[in-house]
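Enquirer: Okay, here's the prediction I keep looking at, along with the sequence it came from:
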Amino acid sequence: MVELYLQYSCPYCIKVMNAAKDMGLEEEKDYRIIRAEMGTMERLKVQQLGGKSMVPFLVDGHHWMYESADIIEYLKKKFNRT
Ligand SMILES: N[C@@H](CCC(=O)N[C@@H](CS)C(=O)NCC(=O)O)C(=O)O
């Protein structure tokens, strides 16, 4: 399942969450949200995996990426949404 590391106060994260919903993706079926506020272990994991302490951050198996626009494009391709 795709993991989305997000911080709810982040507008780029909200953009990704809204896009996932608009695509009809289902939380806990298609993707899992992992809260990654600054100072949390989850945010540390983001930094350890990707090298930057930035959200939104997507992990799909061995793939990971930053950048909300890239994440939305990735979700569209993965789930065959136009
Ligand atoms: N261009 C990025 C911007 C992401 C961004 O600025 N995220 C902020 C939170 S809203 C962040 O994680 N800042 C911490 C940092 O850049 O170290 C995107 O579209 O995803």
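Expert: That came in fine, so what should we check first?
Enquirer: Wait, a strand at Phe5?
Expert: Actually, residue 5 is Tyr. It isn't Phe. Yes - under DSSP: H, G, I helix; E, B strand; the rest coil, Tyr5 sits within a strand.
Enquirer: pretty sure Met65 is in a strand, no?
Expert: Yes - counting by three-state DSSP, Met65 falls inside a strand.
Enquirer: Pull up the gap between it and Gly39, please.
Expert: For Met65, the distance to Gly39 equals 23 Å [Cβ to Cβ, to the nearest Å]. The way it works is simple: take the backbone N, C-alpha and C, and place the C-beta from them, glycine included.
Enquirer: how about the residues of the protein near the ligand?
Expert: Cys10, Tyr12, Ser53, Met54, Val55, Pro56, Glu67, Ser68 (Cβ under 6 Å from any ligand atom).
Enquirer: For the residues you listed, which two are the farthest from each other?
Expert: Spatial extent of these (Cβ to Cβ) is set by the pair Ser53 and Ser68 at 15.8 Å.
Enquirer: Of those two, which one has the most company?
Expert: Ser68 (19 against 14; other Cβ atoms under 10 Å).
Enquirer: Not counting sequence-adjacent ones, nearest residue to that one?
Expert: Excluding its sequence neighbours, the residue lying closest to Ser68 (Cβ to Cβ, 6 or more residues apart in numbering) is Tyr12, at 4.1 Å.
Enquirer: pretty sure that neighbour is touching Ile72, no?
Expert: No - Tyr12 is beyond contact range of Ile72, at 10.1 Å (criterion: Cβ atoms under 8 Å).
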